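1. need a structure here:
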Amino acid sequence: MPEQHHDPERAIAGTGMGGGMDLGVDEAETLERTPDGPQGTGSQKKPRSLWSDAWRDLRRNPVFIVSALIILFLIVISLWPSLIASGSPLKCDLAKAQEGSQPGHPFGFNGQGCDVYTRTVYGARTSVAVGVLATLGVALLGSVLGALAGFFGGVGDSILSRITDVFFAIPVVLGGLVLLSVTTSNTVWPVIGFIVLLGWPQLSRIARGSVITAKQNDYVQAARALGASNSRLVLRHIAPNAIAPVIVVATIALGTYISLEATLSYLGVGLKPPSVSWGIDISAASPYVRNAPHALLWPSGALAVTVLAFIMLGDAVRDALDPKLR
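-> Predicted coordinates:
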């Protein structure tokens, strides 16, 4: 019988039965390592949530980057317009009415002799303020009412559905002409209140449908079976999973509300002078469009770029939050 030689490169690893088993050094080291995963103590990669996946997609989307930069610029000049416009939007000189571009006045003057550049810059404050505040009001009122109706259902849900049908039947522009024509305030609050009044039904229906879909999921039924209260079900389990469609629709609607404010101001029932608004400037420049087209071009262009930026942002957010588009 041949003599067996002990290999120093082999290691002995004890078995659970008390015996011995010859293993290579590499194999022994492999057994000593703690495996990664659910059974080991190694590092585990935390699964990404819907919001982290959405943020990752948004950062790679050039449409989101461009629209976000435009909106950031609009917010900055809305808060601090004096950073890029040193004059006063209410300072006018009739001797310079309808004149074109001059040094220090790159956009020329309107029919009243006011600096178009300064008024365009200061007009962003009104438009952004109306859009943001109206969107917050619409989202808050619509999502709360829709979530309660979708969660509890019953008679309250039926009544809310009929009320939203009534509001959907009201033409927005006609409703603005009727309701805002009786107000005498020169502030933005009547316009914001009107937009919230006619805008909440859309968000309410979106929130209602999302809540009805979310409350049928297994994790909600399991939490209910474990004795979770209605408030805990709504706040901890349903709302985080039903809020994405509301955010998408509200982001797109923000640009629409800015356009609606300009439309109402153009018709003379929204903001009124001496308030500074793109809609007011467009309305004032319309009679002089042949002699001074620049007075109409710049506020109209600023309004179009602003509305387009918010719509592009909403589209990018929708693509990132919709799992069906992945």
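2. geometric centre of this structure: which residue is closest?
-> Thr251 (3.5 Å; Cα atoms, centre = their mean).
3. in the chain, where is pLDDT below threshold?
-> Where the chain drops to pLDDT under 70, the residues are 1-50, 323-326.
4. wait, Ala253 touches Thr135, no?
-> Yes - with contact defined as Cβ atoms under 8 Å, Ala253 and Thr135 form a contacting pair (6.3 Å). Backbone N, C-alpha and C define where each C-beta goes, glycine included.
5. and Trp55, how far from Ala242?
-> 19 Å (Cβ to Cβ, to the nearest Å).
6. what ranges does the stretch 101-250 of the chain have for its strands?
-> Assigned by DSSP state E, counting those that start in this stretch, the strands in the stretch 101-250 of the chain number zero.
7. for it, which segments count as helices?
-> Using DSSP state H, counting those that start in this stretch, the helices of the stretch 101-250 of the chain run over 116-152, 154-168, 172-180, 189-214, 218-225, 230-232, 239-267.
8. okay, the ones you listed in CSV with distance to Asn61 next?
-> What follows is the helices of the stretch 101-250 of the chain, written out as CSV (distance: least, Cβ to Cβ, whole Å):
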stretch, distance to Asn61
helix 116-152, 21
helix 154-168, 32
helix 172-180, 31
helix 189-214, 23
helix 218-225, 30
helix 230-232, 35
helix 239-267, 14
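9. neighbour count for Trp55 and Ala242, which is higher?
-> Shown here are Trp55 and Ala242; by other Cβ atoms under 10 Å, Ala242 has more neighbours (25 against 13).
10. tell me the contacts of that one?
-> By Cβ atoms under 8 Å, 6 or more residues apart in numbering, the contact set of Ala242 is 147, 207, 210-211, 213-214.
11. count of residues packed around Thr187?
-> 11.
12. kindly provide the distance from it to Asp322.
-> Taken as Cβ to Cβ, the span from Thr187 to Asp322 is 38 Å.
13. Pro287 now?
-> 46 Å.
14. again, but for Trp189
-> Taking Cβ to Cβ, one finds Trp189 at 35 Å from Asp322.
15. now swap in Gly156 and tell me
-> Distance, Gly156 to Asp322, using Cβ to Cβ: 29 Å.
16. what do you get for Pro62?
-> According to Cβ to Cβ, Pro62 and Asp322 sit 18 Å apart.
17. of these two, which one has the most company?
-> Asp322 (13 against 8).
18. what's near enough to touch that one?
-> So Asp322 contacts Val248 (Cβ under 8 Å, 6+ apart).
19. ditto for Arg205
-> 146, 164.
20. and it, how far from Leu179?
-> Distance from Arg205 to Leu179, by Cβ to Cβ: 22 Å.
21. and Leu198, by the same measure?
-> For Leu198 relative to Leu179 (Cβ to Cβ), the value is 9 Å.
22. more neighbours: those two, which one.
-> Leu198 (19 against 16).
23. quick check: the more buried one touching Val173?
-> No - the pair Leu198 / Val173 is not scored as a contact, 10.3 Å apart, by Cβ under 8 Å.
24. identify the contacts common to those two.
-> By Cβ under 8 Å, 6+ apart, no residue touches both Leu198 and Val173.
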